[in-house]
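Asker: test case, fold it:
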Amino acid sequence: METSIGLRTAGIHRQKGIVTEIQVNMGEPRIGTNAISVKEVYHTNILDIMSLMNRTINIAGKKLLLSLVSIGNPHAVHFYDGAITDFPIARLGSKVEQHKLFPDETNFEVVRIINRQQVEALVWERGVGETLACGSGACAIVVAGNLLGWLDNKVDVILPGGILTVEWHIEDSIYLSGPAETVFSGEW
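Answerer: Residues are numbered from 1 along each chain as shown. Here you go, the predicted structure:
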């Protein structure tokens, strides 16, 4: 598939001739100076990368620790200790998206770690609002959690719209897998 950030390949998994899952090579995640547009200047080195992984912003009286990752689009990932349904994403999502730190705005993910191979998450997509799922957001979650030492290389991301599996080995592409269902068919 040709995308705005380059060619991406997909693998199709079948059971009894029916497509049941698709795995997409999402490319290499980026962290650092040019990964996500922020209103600060960084020099590229490991300390700067870790400072981008741990950014605190104040939103509506709440301090949020964010990990900033690009999967071809910007993501701010917040790891949350409480029940994911208790996080006020409807109230805070647009405030994070449009925070002055992000001149090009950002996607926002709230994540609760269940264990090293499983998380649950909520997604706020820039320009859209709260969504049921986000493939690049799931990838950003796993990259951030892996770099912080909290998640393994293969993780199931549980979203309101379903489960996506993300696999990433540092210095390699990230792979996103999810279920495939026939929605419609037709002839042209």
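
Asker: any chance you could map the helices in the protein?
Answerer: For the chain, applying DSSP state H gives helices covering 46-53, 89-97, 135-147.

Asker: turn those helices into TSV, including mean pLDDT.
Answerer: TSV is the format used below for the helices of the chain (pLDDT from 0 to 100):
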stretch	mean pLDDT
helix 46-53	55
helix 89-97	96
helix 135-147	93
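
Asker: most tightly packed of those helices?
Answerer: helix 135-147 (a mean of 26; mean count of other Cβ atoms under 10 Å). In short, each C-beta sits where N, CA and C put it, glycine included.

Asker: identify all contacting residues around that one.
Answerer: 24, 26, 29, 31, 53, 67, 69-73, 75, 77, 79, 107, 109, 111, 113, 119, 121, 123, 125, 151-153, 155, 157, 159, 164, 166-168, 170, 174, 176, 178 (Cβ atoms under 8 Å, 6 or more residues apart in numbering).

Asker: go again with 6 Å.
Answerer: Residues outside helix 135-147 that contact it (Cβ atoms under 6 Å, 6 or more residues apart in numbering): 26, 29, 53, 67, 69, 71, 73, 75, 77, 107, 109, 111, 121, 123, 151, 155, 157, 164, 166, 168, 174, 176.

Asker: now, of those, which are buried?
Answerer: By neighbour count, with 16 or more other Cβ atoms under 10 Å, those hold 26, 29, 53, 67, 69, 71, 73, 75, 77, 107, 109, 111, 121, 123, 151, 155, 157, 164, 166, 168, 174, 176 as buried.

Asker: strands of this structure, start to end?
Answerer: Taking DSSP state E as the test, the strands found in the chain are 2-3, 6-7, 10-15, 18-25, 55-59, 62-70, 74-79, 107-115, 118-125, 129-131, 154-159, 162-168, 174-179.

Asker: how about the ones you listed, which one is nearest Thr85?
Answerer: strand 118-125 (8.3 Å; Cβ to Cβ).
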